[in-house]
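A.B. asks: coords below, sequence missing:
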């Protein structure tokens, strides 16, 4: 049964024009998300995961600029839409987003109920009283006790976990097709994390939505996601199912990430040597090559193209390319960059 | 909240007390020879002594202080050497004039300051923003007395658009006293000619004060809006797909307005200060001009009276601002 | 041999100094970049540099002597000999304005020289030791702040007697509470931070904590605030002089010039207008610079956002 592609990002490049120079934050990112799945986007802080999310909603903030690329949502290129169209049709209705610091993401001078109702009124054309009723129902759905009381309270009176539930209620209220969750549990206690994640999983299956979960924590991904994309310094280096990524990682960076998770087996803490590159002057070719134990001369000269490892498992690495048939089928229509090593 | 209110009121009383004491200290203790300064160096001894007795300067300091405090509680500052009237009487005449001026200037400042400030923040770094930033920067850099002089030069001498001074033209009598604010009172009494005349006289000083206050309010509005526009919840509002107008007014401005309101209160205080120079230049008979004249003629009683009144107003406006802040921001709990 | 060693050592020293302060150096570089990027701030900086140049080189730049009277040439309109005209005593207005820059800058420097140390001392003490020391200092500060600045300055100025020196003292007395409050605020917020606890755990004395940890942070905040206030100081001082409480004749003080020139506003408009314009420019320049520095110190704008 062929799954429908809900979101497809092709060759997304985003630059930030800052005091230090041009930060080449996204270097041609490719991503495909299928309808109904829970897709995890993993990477270190600063690798561009949040920028990718912002780009989808056309909320890349100054001094950032989307330089090129295509973002197909339900077959329409979002980047070609006018700002007004995106605001009217996409934001709030089709795609919504929950964020890392939920209390900061709520308006401090509006009470909680009003903020949720506002989303309903603006996007679903409900009347005020309908919206209020629905708000209470939604709060119950996210397991908030005493929803009536909470609607009258203000965000600063909520705990982190409760605030995130309010956000979830708000962002799922309009039944969007895609929910982007940008590090939703990073700022929460571990015990609350688990609660919020399981709540998210339940609601997603109930509302039949698709989720793009952004996090730096592989364990969160392992628990909740079906497919995972690994990003490094503005590039998507590997994509696959959770099983494939964890048990058969192909890209040295992914391998490093997995090895770095402390486990019973190894008593040492294994780290990836080196540090995240400066994106004003990123490394040439494959951006990971300075930290890679397997780097070859070509890695510093050209950007590796995306190749398929197995079904649903892609990676962009010359190590892989060299080991296997270089002319293997490419499933991604990511732009064919790279030299004539074929 | 109640606890905060009480705490704040107590603070207010302490501050007033301190203000009053310092005023006393400054006017009685520091000046080397106030009588000599008034009467001149070669005044005959009996005159000097008479004056000293009149001013109560022959009594020991402690007694002077208690006498002063007693008078204060009864709102009695004694007689002004300059006008030969009760200082409290003078204050009653001149105080409403300044309040009226300040209110009019504040009104101008709010309307223009907030609108320009919001536009400036929303169109950051584009030409409306840059223009308004220069304008408001010039506004707060402007010496009020100089701007006043320029206004007089151009609008009075060359264009004849504003009058020579005073609150009303000589042939017009003041409206029946209700609030002391001529604009209000004349409207209440239905005396429209008086209303326009009073407005005509207020124009010069109100525009000068207003220009400067607009600059302050514009700046605060702009910086407050900019800060708020960077917050996460503005992002949330956009993600929700709200119209940009709703984002700016319902979400951004509502949060940004809190410091702006605070600024308005502070601005009112600045105006008490600015009125000193503006009234002097325009010859507007208000508290500011009265204070200056008292200082320059070393009219001790009048000095104490006017400074005390000004300080009380200032402290009161600060108190109101603090209380307002506490009520408007739900995050503040006391 | 020995000289090579010395050279090596000094080079090493420079390299290690560079390394140790690398973050401060990059901060500084960033500040300079941001200043250069903001044209308005550059304008402000230029204005102030011109003012300083006028103050220092006045005797060499000014075409005429600022004090000598030439009663035969009173109230002359702007001309080639006197670019801005002459005042009611025949003195060249341009020269007086140039010398006036020095007067204005002197006022700013002295007021800040009093207020910054005083404010820091009182604020640090209040913030660090808390308790009734804090209460008393803050109540006194509140009381001083309960007066509108100009009024208090006028009161003190009148009491002490009209003179430039007394004006400076008066203005300083009206402004110290702001700095004390700021210093106290910084102290309070830093005091509770973990790294101070760490210092205490290491057994550092209170004095060392204050001087080496808290003081540097206070100083930078206060300096930012001071640059914002410099314009105000000039403006208030000008107001005092205008009212007759500040500089006395024949000092070439801008406020005083406007005041004495006021009588000639109608027919010899240049007499009060140009000095007033000088005040405006100076205050404007300081405010531009102050604004620029404040914007730059704003952590939001530094280092871009993700």
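C.D. replies: Thanks, I have it. From a predicted model like this one, the values you see are computed outputs, not experimental measurements.

A.B. asks: OK, now which residue of chain A is nearest to chain B?
C.D. replies: Of all residues in chain A, the one sitting closest to chain B is residue A:92 (2.8 Å; Cβ to the nearest Cβ). Quick note: C-beta positions are derived from backbone N, CA and C, even for glycine.

A.B. asks: can you count the residues close to that residue?
C.D. replies: Counted by other Cβ atoms under 10 Å in any protein chain shown, the residues lying close to residue A:92 total 28.

A.B. asks: Around the residue in the stretch 201-306 of chain C that chain B sits nearest to, how many other residues sit close by?
C.D. replies: The nearest approach of the stretch 201-306 of chain C to chain B comes at residue C:276, 3.3 Å away (Cβ to the nearest Cβ). Here the count is done by other Cβ under 10 Å, and residue C:276 has 25 residues near it.

A.B. asks: quick revisit: who's in contact with the residue of chain A closest to chain B?
C.D. replies: When contacts are counted by Cβ atoms under 8 Å, 6 or more residues apart in numbering or on different chains, residue A:92 touches A:119, A:122, A:123, A:174, A:176, B:239, B:240, B:241, B:242.

A.B. asks: Please tell me I have it right and the fifth one contacts residue A:98.
C.D. replies: Spelled out, that is residue A:176. No. Checked against Cβ atoms under 8 Å, the pair residue A:176 and residue A:98 is beyond contact range at 11.0 Å.

A.B. asks: Hmm, residue B:143 and the residue of the stretch 201-306 of chain C closest to chain B touching each other?
C.D. replies: Yes. Using Cβ under 8 Å, residue C:276 is in contact with residue B:143, at 6.1 Å.

A.B. asks: Check which helices and strands the helix or strand that contains residue B:305 is in contact with.
C.D. replies: Using DSSP states H and E, residue B:305 sits in helix B:300-328. Helices and strands touching helix B:300-328, by 3 or more Cβ pairs under 8 Å, 6 or more residues apart in numbering or on different chains; DSSP states H and E, are helix B:2-24, helix B:87-122, helix B:254-282, helix B:287-296, helix C:149-160.

A.B. asks: Pull out the buried residues from the third one.
C.D. replies: I take that to be helix B:254-282. Residues of helix B:254-282 classed as buried by neighbour count (16 or more other Cβ atoms under 10 Å in any protein chain shown): B:254-260, B:262-282.

A.B. asks: Filter the residues you listed to keep only those in contact with chain A.
C.D. replies: Restricting the buried residues of helix B:254-282 to those near chain A by Cβ under 8 Å from any Cβ of the partner chain leaves B:254, B:255, B:258.

A.B. asks: Could you give the average pLDDT over the host helix or strand of residue B:62?
C.D. replies: Using DSSP H and E, residue B:62 maps to helix B:61-73. Averaging pLDDT along helix B:61-73 gives 81.

A.B. asks: how much space between residue B:74 and chain A?
C.D. replies: 45 Å (Cβ to the nearest Cβ, to the nearest Å).

A.B. asks: likewise residue C:108?
C.D. replies: Applying Cβ to the nearest Cβ, the value for residue C:108 to chain A is 30 Å.

A.B. asks: count of residues packed around that residue?
C.D. replies: Residue C:108: 22 surrounding residues under other Cβ under 10 Å.

A.B. asks: so who does it touch?
C.D. replies: Contacts for residue C:108 (Cβ under 8 Å, 6+ apart) come out as C:230, C:233, C:234.

A.B. asks: What helices and strands are in contact with the helix holding residue B:62?
C.D. replies: helix B:2-24.

A.B. asks: List the buried residues in the helix it packs on.
C.D. replies: By 16+ other Cβ under 10 Å, the buried positions in helix B:2-24 come out as B:11, B:12, B:15, B:16, B:18, B:19, B:20, B:22, B:23, B:24.

A.B. asks: and that helix, does that touch chain C?
C.D. replies: Yes. Helix B:2-24 lies within reach of chain C by Cβ under 8 Å from any Cβ, at B:11, B:14, B:15, B:16, B:18, B:19, B:22, B:23.

A.B. asks: Could you check how far residue B:297 is from chain C?
C.D. replies: Look at residue B:297 and chain C: by Cβ to the nearest Cβ, they are 10 Å apart.

A.B. asks: give the contact list for residue 166.
C.D. replies: Picking chain A for this. Under the criterion of Cβ under 8 Å, 6+ apart, the neighbours of residue A:166 are A:102, A:106, A:112, A:115, A:116, A:139, A:142, A:144, A:150, A:155, A:158.

A.B. asks: was after chain B, sorry
C.D. replies: Each residue near residue B:166 by Cβ under 8 Å, 6+ apart is listed here: B:201, B:283, B:284, B:285.

A.B. asks: what's the neighbour count on the third one?
C.D. replies: One way to gauge burial is a neighbour count; for residue B:284, by other Cβ under 10 Å, it gives 25.

A.B. asks: Ramachandran angles for the residue nearest to it when sequence neighbours are not counted?
C.D. replies: Spatial nearest neighbour of residue B:284, chain neighbours left out: residue B:205 (5.0 Å); criterion: Cβ to Cβ, 6 or more residues apart in numbering or on different chains. Main-chain torsions, residue B:205, degrees, to the nearest 10: phi -60, psi -40.

A.B. asks: which helix is the longest one in chain C?
C.D. replies: helix C:93-129 (DSSP state H).

A.B. asks: Next one: residue B:218 relative to residue C:41, how far apart?
C.D. replies: 19 Å (Cβ to Cβ, to the nearest Å).

A.B. asks: Tabulate the contacts of residue A:92 in a markdown table, adding columns for neighbour count and pLDDT.
C.D. replies: Conversion of the contacts of residue A:92 to a markdown table gives the following (neighbours: other Cβ atoms under 10 Å in any protein chain shown; pLDDT from 0 to 100):
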| residue | neighbour count | pLDDT |
| --- | --- | --- |
| A:119 | 28 | 92 |
| A:122 | 21 | 90 |
| A:123 | 22 | 90 |
| A:174 | 19 | 90 |
| A:176 | 22 | 91 |
| B:239 | 23 | 93 |
| B:240 | 27 | 92 |
| B:241 | 24 | 89 |
| B:242 | 22 | 91 |
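
A.B. asks: Among those, which pair sits farthest apart?
C.D. replies: Using Cβ to Cβ, the two most remote members of the contacts of residue A:92 are A:176 and B:242, lying 14.8 Å apart.

A.B. asks: Which positions in the stretch 101-250 of chain B make contact with chain C?
C.D. replies: Contact residues, the stretch 101-250 of chain B versus chain C (Cβ under 8 Å from any Cβ): B:130, B:133-134, B:137-138, B:140-146, B:149-150, B:152-153, B:157, B:227, B:230.
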